[in-house]
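Chemist: Sharing a sequence plus its predicted fold:
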Number of protein chains: 2
Amino acid sequence: MTKLDESTIIKIFQKEFGNKKFVSEDVETFNLGKIKIIAKTDTLVESTDIPKKMELEDAARKSIVACVSDFASKGVRPEFGIISINLPNNITHSKITSIAKGFKKAAKEYGIVILGGDTNSGKEIVFNVSIFGNSNKIVTRKDSKIGDIVFVTGPFGYTKIGLDLLLGKRNDKGKFAEKSIKSMTNPKPKISFGLKNKKYFSSSMDSSDGLSTTLNEMSKQSKKKFVINNIPVRRDLEKYAKSHNLDLISLVFHGGEEYEFVFTVQPKYKKIIKKNARLLKTPIIEIGQVESGNGVFLKEGRNYNRIRDLGWKHFR
Amino acid sequence: MTKLDESTIIKIFQKEFGNKKFVSEDVETFNLGKIKIIAKTDTLVESTDIPKKMELEDAARKSIVACVSDFASKGVRPEFGIISINLPNNITHSKITSIAKGFKKAAKEYGIVILGGDTNSGKEIVFNVSIFGNSNKIVTRKDSKIGDIVFVTGPFGYTKIGLDLLLGKRNDKGKFAEKSIKSMTNPKPKISFGLKNKKYFSSSMDSSDGLSTTLNEMSKQSKKKFVINNIPVRRDLEKYAKSHNLDLISLVFHGGEEYEFVFTVQPKYKKIIKKNARLLKTPIIEIGQVESGNGVFLKEGRNYNRIRDLGWKHFR
């Protein structure tokens, strides 16, 4: 039996619904009365998304944070949340407490009022979170213009190493290992930066499916070429990759789960964006520019190497 | 290890959140801008909620319908929906098509615009549906008054037999068996009746957790006694129960999954309610009245028998 990947599944749904529903978008928007509602739903499944060594408190927190990340990229304030939980029959009291603590932590951190939710019995733990806010305007993925500068909140590349450590595929100790694990277990979307600077973004997108996926999606939807001339990476990761014979490009562009975001701005906003980043203590990194054409390319000296969409996909 | 039931789980969450969140309510409400949003989330889990003989198309439809049922009881029009789906890796193309068809069917039936959703990989099929609408006023569970008449949209009692047939615990054939199965696989919440008559309801609640659960919840929250003098049952079910030696009370009050609703009205509205029910071809049944005191009782002649909350619970 052929395994179906997510895009095939989405295609089947699109065919049935006869339209472009189930296109992956950062957030859903709909009008009720005169208000534009922004909603984001995210699902964390034990067997797929929660490594055994990850604390359930962190996993619960992360299921809210994953939604917040999309709101951050769109510059929308999350206001309310609804939580659905599936739990196996034999789950312990302390595990449930840990889960509740994680949800509470994220709610407090990002100022979200949890309205309630439902609990269900199932074969494995599943967290399904929806968050809501309102906004008159949404920054799209498709409106980057020729000459725009490409930024990321960052840096990238730690999550894949963190995941391998959590899965027991690596066994390093020390500060770098701890930092890498924390990048997986405790992502911190830059919501304040998104809220403050949204008005300068020509396009933006959450990067959690992988930087290569995000850049290719923005390039494709904007019908522009994205030229990357600066890899958003810190010295410690470069050193680790070199000493462990790991492909740096792969770590940075195809890892995923960073919960940072990519945004484009006109050059005239570069100064104010950088100032705001300093004020908000948000690390942002200029990584390239938007040109005419299509595709995503890494420019090193005179060489242009294609960066293909090799980010993380469900069902692969 | 003691198994935790849903109320214990909810208590742990309530303790962590330090408030009454995670109280089971029919719908969640929140204000965005000047609009009151009504939201309902429901989860259908393969191992718990989908009998093997149930078509996935029906299960998908039902996961939307379960949310619609709460909106019907509150008299709120469902407008938008978001769907999250977990699917095992080895699911077939035809099963996915069947699922998509079920969602589409429900969306069409109840006029809901599906905004999109996300698909995830997991050990078993899980459907998580959220629907949204807006309303200035919500009928509560707690405002039934002494002298009010208790009605149900109905009738009740077929679902438990339908479930047993789907689970292969019974093997009857024929019209009655088909009708019972259909009550499980194709519930039809009375949304038009709810929308039209909401203004007359002093209290109301969806009955899908079981009629005894619903009546006890309304009685408890209203701090009133509910006296039931008419069992909402049809002749064919009475006959079947008798000939198969089944407890009629149990079938009607403790079955669950009916997706009908209970509502209370002042006697002066009885006439208009009955007229509207006829016009909308909605079967409604007067089952009793609200009195001072507490608890739910079945009055048969001079005897009052307590009806305890023995409806269907997750985690039991």
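Modeler: Cool, got the structure.
Chemist: Residue of the stretch 151-300 of chain A closest to chain B, please.
Modeler: Nearest to chain B in the stretch 151-300 of chain A, going by Cβ to the nearest Cβ, is A:Asp209, at a distance of 11.3 Å. Every C-beta, even on glycine, is put in place using the N, C-alpha and C of the backbone.
Chemist: Tell me the secondary structure of the residue lying closest to that residue once chain neighbours are set aside, please.
Modeler: With sequence-adjacent residues excluded and distances taken as Cβ to Cβ, 6 or more residues apart in numbering or on different chains, A:Asp209 is closest to A:Gly311, at 4.6 Å. Using DSSP: H, G, I helix; E, B strand; the rest coil, the structure places A:Gly311 in coil.
Chemist: In three-state terms, label the residue nearest the centre of chain A for me.
Modeler: With distances taken as Cα atoms, centre = their mean, chain A has A:Ser208 as the residue nearest its mean C-alpha position (2.4 Å). Secondary structure assignment for A:Ser208 (three-state DSSP): coil.
Chemist: Now it: closest residue in space, sequence neighbours ignored.
Modeler: Nearest residue to A:Ser208 in three dimensions, chain neighbours excluded: A:Tyr259, at 5.1 Å (Cβ to Cβ, 6+ apart).
Chemist: Helix or strand for the one you found, just tell me which one.
Modeler: Per DSSP states H and E: A:Tyr259 is located in neither a helix nor a strand.
Chemist: Next, count neighbours for the residue nearest to A:Asp209.
Modeler: Using other Cβ atoms under 10 Å in any protein chain shown, A:Gly311 has 21 neighbouring residues.
Chemist: same check, this time on A:Gln289
Modeler: Neighbours of A:Gln289 using other Cβ under 10 Å come to 20.
Chemist: Touching the helix or strand where it lies from outside, list them.
Modeler: For A:Gln289, the host element (DSSP H and E) is strand A:284-291. Strand A:284-291 is contacted from outside by A:144-155, A:193, A:222, A:224-232, A:264, A:270, A:273-274, A:277, A:299, using Cβ atoms under 8 Å, 6 or more residues apart in numbering or on different chains.
Chemist: out of the residues you listed, which are buried?
Modeler: Burial by neighbour count, 16 or more other Cβ atoms under 10 Å in any protein chain shown: within these this picks out A:144, A:148-155, A:193, A:222, A:224-228, A:231-232, A:264, A:273, A:277.
Chemist: Give the residue spans of the stretch 51-200 of chain A that score low on pLDDT.
Modeler: Counting by pLDDT under 70, not a single residue of the stretch 51-200 of chain A qualifies.
Chemist: how about the strands in it?
Modeler: Under the criterion DSSP state E, counting those that start in this stretch, strands of the stretch 51-200 of chain A are mapped to A:80-87, A:113-121, A:126-134, A:149-153.
Chemist: and what of the stretch 201-316 of chain A?
Modeler: So, for the stretch 201-316 of chain A - with DSSP E, counting those that start in this stretch - the strands run A:201-206, A:225-228, A:261-265, A:284-291, A:295-300, A:303-306.
Chemist: Just put those in TSV and tack on mean pLDDT and distance to B:Ala60.
Modeler: Below are these laid out as TSV (pLDDT from 0 to 100; distance: least, Cβ to Cβ, whole Å):
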stretch	mean pLDDT	distance to B:Ala60
strand A:201-206	97	28
strand A:225-228	98	38
strand A:261-265	98	33
strand A:284-291	98	41
strand A:295-300	97	37
strand A:303-306	96	40
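Chemist: Cool, thanks, signing off.
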